[in-house]
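Chemist: Predicted model and sequence follow; I will ask about them next.
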10 protein chains.
Amino acid sequence: MSAADVPRADQLETFPNQFPGREYTVEIVCPEFTSLCPKTGQPDFGTITFAYTPAKLCVELKSLKLYIWSFRNEGHFFEQVTNQILDDLVRALSPRRLRVEGRFKVRGGITTRVVARYRGEPVAARSSR
Amino acid sequence: MSAADVPRADQLETFPNQFPGREYTVEIVCPEFTSLCPKTGQPDFGTITFAYTPAKLCVELKSLKLYIWSFRNEGHFFEQVTNQILDDLVRALSPRRLRVEGRFKVRGGITTRVVARYRGEPVAARSSR
Amino acid sequence: MSAADVPRADQLETFPNQFPGREYTVEIVCPEFTSLCPKTGQPDFGTITFAYTPAKLCVELKSLKLYIWSFRNEGHFFEQVTNQILDDLVRALSPRRLRVEGRFKVRGGITTRVVARYRGEPVAARSSR
Amino acid sequence: MSAADVPRADQLETFPNQFPGREYTVEIVCPEFTSLCPKTGQPDFGTITFAYTPAKLCVELKSLKLYIWSFRNEGHFFEQVTNQILDDLVRALSPRRLRVEGRFKVRGGITTRVVARYRGEPVAARSSR
Amino acid sequence: MSAADVPRADQLETFPNQFPGREYTVEIVCPEFTSLCPKTGQPDFGTITFAYTPAKLCVELKSLKLYIWSFRNEGHFFEQVTNQILDDLVRALSPRRLRVEGRFKVRGGITTRVVARYRGEPVAARSSR
Amino acid sequence: MSAADVPRADQLETFPNQFPGREYTVEIVCPEFTSLCPKTGQPDFGTITFAYTPAKLCVELKSLKLYIWSFRNEGHFFEQVTNQILDDLVRALSPRRLRVEGRFKVRGGITTRVVARYRGEPVAARSSR
Amino acid sequence: MSAADVPRADQLETFPNQFPGREYTVEIVCPEFTSLCPKTGQPDFGTITFAYTPAKLCVELKSLKLYIWSFRNEGHFFEQVTNQILDDLVRALSPRRLRVEGRFKVRGGITTRVVARYRGEPVAARSSR
Amino acid sequence: MSAADVPRADQLETFPNQFPGREYTVEIVCPEFTSLCPKTGQPDFGTITFAYTPAKLCVELKSLKLYIWSFRNEGHFFEQVTNQILDDLVRALSPRRLRVEGRFKVRGGITTRVVARYRGEPVAARSSR
Amino acid sequence: MSAADVPRADQLETFPNQFPGREYTVEIVCPEFTSLCPKTGQPDFGTITFAYTPAKLCVELKSLKLYIWSFRNEGHFFEQVTNQILDDLVRALSPRRLRVEGRFKVRGGITTRVVARYRGEPVAARSSR
Amino acid sequence: MSAADVPRADQLETFPNQFPGREYTVEIVCPEFTSLCPKTGQPDFGTITFAYTPAKLCVELKSLKLYIWSFRNEGHFFEQVTNQILDDLVRALSPRRLRVEGRFKVRGGITTRVVARYRGEPVAARSSR
């Protein structure tokens, strides 16, 4: 697992939300996520979907693309990586709301989907890793 | 970005709602939206969907088509243009409710969708641009 | 526009609801609606979907088919015709609830859908035409 | 119409619900329903979908299949047969909840769907037929 | 029916939930479930879908695959096996919430779907079998 | 099996082909075919598709509908009924070419499709039944 | 049936093919065809698809749209109208090759498709009507 | 691998082809094939599709279903089992032509399809196993 | 129409085909083509698909993207632009074979597709424009 | 580009074809191909499909999976990698026939598909790289 996940969140660039007085939603679909299985080293593939309500900041799409690519040669479990991406985006954007969904391709005849949500609670609430 | 967005909203023609005593919905799908990326100048493509509950006015479809075309050779970010269209339609129609959704085609392997809603709050609530 | 819309509603035949003590729903889809554009005289096409909760009366399907055909060579705007159909069915059926949806085919690259609902309020609530 | 609908419900066999302490749902789709039009004698076709929350009894699938076949050469209106099936299943199963949906194939360019629900109210509530 | 279902649940391996302070969902789809009909001995096929909110434990996917395979040559009714799988997963994971859905292939022209949910109530609530 | 299949073909009405000097194709899809299994008496369902090149005669659609209905309460194997329909249509139409396809619904987890063609050879070529 | 079909073909406007030295194909799909049933007077609906290899002339699309509309209130059989459209287009365009396909909506549970082709043979080859 | 494959073919029952003078096709789709991986013992799943032109014999569907089930707990490679099924059916039916296609579910992110055909050549042409 | 189409073809960059001794196919789909209607000035939208067998040269994809964009604010008929693109690619690539297909969005209820092919004949074969 | 492509082909393991006397087809779909763009270093994604007629050897699927993974962190053009995979499989299998198709995900709004075939000609026929 990546010990460097705090700096990774720093890769995410932002720009000011031009409509801060309005609650609106931005949904971003990244169907080209790939990482490695921490047990077997085999590649995993999936689609990561974000939906957030911006507060003061929006995420810059090119930096998000690079952020997604940064997982390419790292080992990650499906449950862990979806939650980590949620934490990284919360740190970078401080959004009003955020939902991250990871849909991962079939492994051993089984398909997995993980959905995590942020609704204003502090990021520190997760356990130490 | 267009400094002329107030006149642009004036392009939108209206006609009187014949059923003002009833809450009903009009949904309009425009799959032929195109503008330019403000950073690279490259064309972007998308589908703009409106759904509104008319108060006294309905939007005339031919003028809406021309309004959509007016973005063709201007630079616009996805988040900004979806909110601007919401503002323009609120100015032109003073609807009871309005929802604008922009679904934009894949760029860098990433697809973006922006959804903004109006529910009777004053249009002036957004920040200066 | 048709001055004869009250008689038109009279074309709709009904039969007694055999299960008046139960709230149930009948949904009817008519994908073969066509009328003329009041501005250009060009044919428009669409699908009309009704969903109603019968009170004492159900609509007879063959008469509904003839009612739908009666719009074939008349000029109608999408917003107007959907609401008129709602009014006609309310007059004929006095249902507990009724929803009428008109999905109209693409014109000028734009697709329109109109949804109107009746929930026990008096039909007279619309403006004079 | 069948005068024998009470005995027909008796064709439905049941078995004891092994998990009576839990609210769970069983949904059964029968795409091979056919009966005759009471007016014209022409065959009608449809899909009947049941969803119920069992109390003490579950329906045995083979007897349900035979029950569905028993309508094959009888005249039935769409609204009537959907409600009759609801009544028959309520009699046979005394379920906690039951929903019956009939989706019937296009006739005269029109498609019909009827949805009826049971939520613990007495079956006797319908009118005499 | 399997008298050995308690040991079967023990086959399910778990790992600690790294994000116990967050309510998130894991959905797992197993389209390769097969068992035998207890009446006829004929093979049945279906898709089992789990969605759970982990508390302290997550299910290890390879052990889940083996657990699903263990039904291959046993007789099971659709209603019973879906509820049994719910009970086994509740025992193994003590989740905050769990939903199990079994969609079974057409038999006699009829398709069956069973959905059972766990929401913190004690597993012992079901009847003896 | 029906001993009356020669008279049945006589039910098929025809009208003169207005374009006998041109080779063109008429394809007719009947998704509402039903008959009985000769072994078990259980209903079978299927879609019959005809494609023919008319010579002097075209088939009248209403009579074709009645012809299809005439199988409703008769026992027929899939292979036999598809070939019989081919023979009946050849007798009634003497077409230049004819293709009959029967697609039958799943039975015992197995779906069957039968395709037979006529290309000017004498109908008498089949074996006695 | 229309006695005026020769003048109707004259409604079709053309423009010179700019690439007469190359064999290429133009396919045009008109999903908004409607006419009346000559027997019952009821509306029929369908999709007309043309595919032609131009010689010296191409068809102007707006005039083709008007030509298609001209059938709206006339009685036509499916087989006849598809062949008539072929003849009209051959007269107007003198193409190298032409294929006309009419797909008509379900009537009496039956769907019909007619396909006619022109490959340089004289149009006069059809029978008198 | 099964040493008993010759007797297995004997399980396939046949009935006389009633139309031996006509070349027609019977296509049978079995989406519920399952066997075991000879290397790992893990279940494999797939769809077997047969298409044959009968000579003197047709295959009886219930015996075919039992034949397909007989592979359930045997080890088979995809390439081998598809060819073996071809051989077994050729032995049982002596068809004019036969095509067997096996589509197997994803394993290790890879999907496999095997297609083998028989066209009158002697079955003995394969190598000894 | 563009008088500058020869220079436009020069925008297309190429790279050497590494496998000139093998006949293989490259298919490229550009769903983001847009130009203007020469009659009305209104935007048209379409998908351009190329399939070519390279001889000595392959087309560089970024230059192809820019080439497609160069039509954005020019007037073009569907038939003309598809053939012009064929000519431009033949000039730039001298391929063994080339097929260009333009699928254009619905206008006036009508959808148009144009397909042109090159098979080694000289480009000069078209008429002067 | 990989200078090591000959050893890479050696990673492909084979097993003897049990049915060498029969022409049959094995099709393998690998939707999880990924490599890097040689120009930009950005990840590319695609689906590689093989279809081959085995001679004496079949490809072992697990080694094929590893072979596909070996491209993960290498730079490859779409045209080059599809042809290289063809060459590698021809070296490893000496098949009777082989077809390799690479379908690559959208880049710059453009989708690319490359198809190469082998039909018994010597692999040495390509140019030096």
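Modeler: Cool, the structure landed.
Chemist: quick one: low-confidence ranges for chain A?
Modeler: A:1-7, A:121-129 (pLDDT under 70).
Chemist: which parts of the longest helix seen in it are buried?
Modeler: In chain A, taking DSSP state H as the definition, the longest helix is helix A:78-93. Residues A:78-90, A:92-93 are the ones in helix A:78-93 that count as buried (16 or more other CB atoms under 10 Å in any protein chain shown). Placement of C-beta: from N, CA and C, glycine included.
Chemist: Stretch A:21-40 too?
Modeler: A:22, A:24-36.
Chemist: In which helix or strand does the residue of chain A found nearest chain H reside?
Modeler: In chain A, the residue that lies nearest chain H is A:Val106 (5.4 Å; CB to the nearest CB). A:Val106 is part of strand A:97-107 when elements are defined by DSSP states H and E.
Chemist: Neighbouring strands of the very next helix or strand once past that strand in the sheet, and parallel or not?
Modeler: Next along the chain after strand A:97-107, taking DSSP H and E as the criterion, comes strand A:110-118. Looking at strand A:110-118 with DSSP bridges, its partner strands are strand A:97-107 (antiparallel), strand E:24-36 (antiparallel).
Chemist: Output strand A:110-118 as PDB - backbone C-alpha positions only.
Modeler: This file holds the C-alpha atoms of strand A:110-118, laid out as PDB (Å, rounded to 0.1, in the frame of the first residue of the first chain):
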ATOM      1  CA  ILE A 110     -17.100 -12.300  -9.100                       C
ATOM      2  CA  THR A 111     -17.700  -8.600  -9.800                       C
ATOM      3  CA  THR A 112     -17.200  -6.000  -7.000                       C
ATOM      4  CA  ARG A 113     -18.600  -2.400  -6.500                       C
ATOM      5  CA  VAL A 114     -17.700  -0.200  -3.600                       C
ATOM      6  CA  VAL A 115     -19.500   3.100  -2.800                       C
ATOM      7  CA  ALA A 116     -18.400   5.600  -0.200                       C
ATOM      8  CA  ARG A 117     -19.800   8.900   0.700                       C
ATOM      9  CA  TYR A 118     -18.700  12.100   2.500                       C
END
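Chemist: what angle sits between that strand and helix A:78-93?
Modeler: Going by axes from the mean of the first three to the mean of the last three CA atoms, to 10 degrees, strand A:110-118 is angled at 30 degrees with respect to helix A:78-93.
Chemist: returning to that earlier point: so is the longest helix of chain A next to chain H?
Modeler: No - figure legend: helix A:78-93 not in contact with chain H (CB under 8 Å from any CB of the partner chain); closest approach 15.2 Å.
Chemist: what does stretch A:47-55 give?
Modeler: No - contact of stretch A:47-55 with chain H (CB under 8 Å from any CB) is absent, the minimum separation being 15.1 Å.
Chemist: Which of the residues in that stretch are classified as buried?
Modeler: Neighbour-count burial for stretch A:47-55 [16+ other CB under 10 Å]: A:Ile48, A:Thr49, A:Phe50, A:Ala51, A:Tyr52, A:Thr53, A:Pro54.
Chemist: Starting from the helix or strand encompassing the fifth one, tell me which strands it pairs with and how they run.
Modeler: When elements are defined using DSSP H and E, A:Tyr52 is found to belong to strand A:43-53. Applying DSSP bridges, strand A:43-53 is found paired with strand A:24-36 (antiparallel), strand A:97-107 (antiparallel).
Chemist: I would like the residues contacting the very next helix or strand once past it, please.
Modeler: Next along the chain after strand A:43-53, taking DSSP H and E as the criterion, comes strand A:57-59. Residues outside strand A:57-59 that contact it (CB atoms under 8 Å, 6 or more residues apart in numbering or on different chains) are A:12-17, A:26, A:28, A:50, A:52, A:89, A:92-95, B:79.
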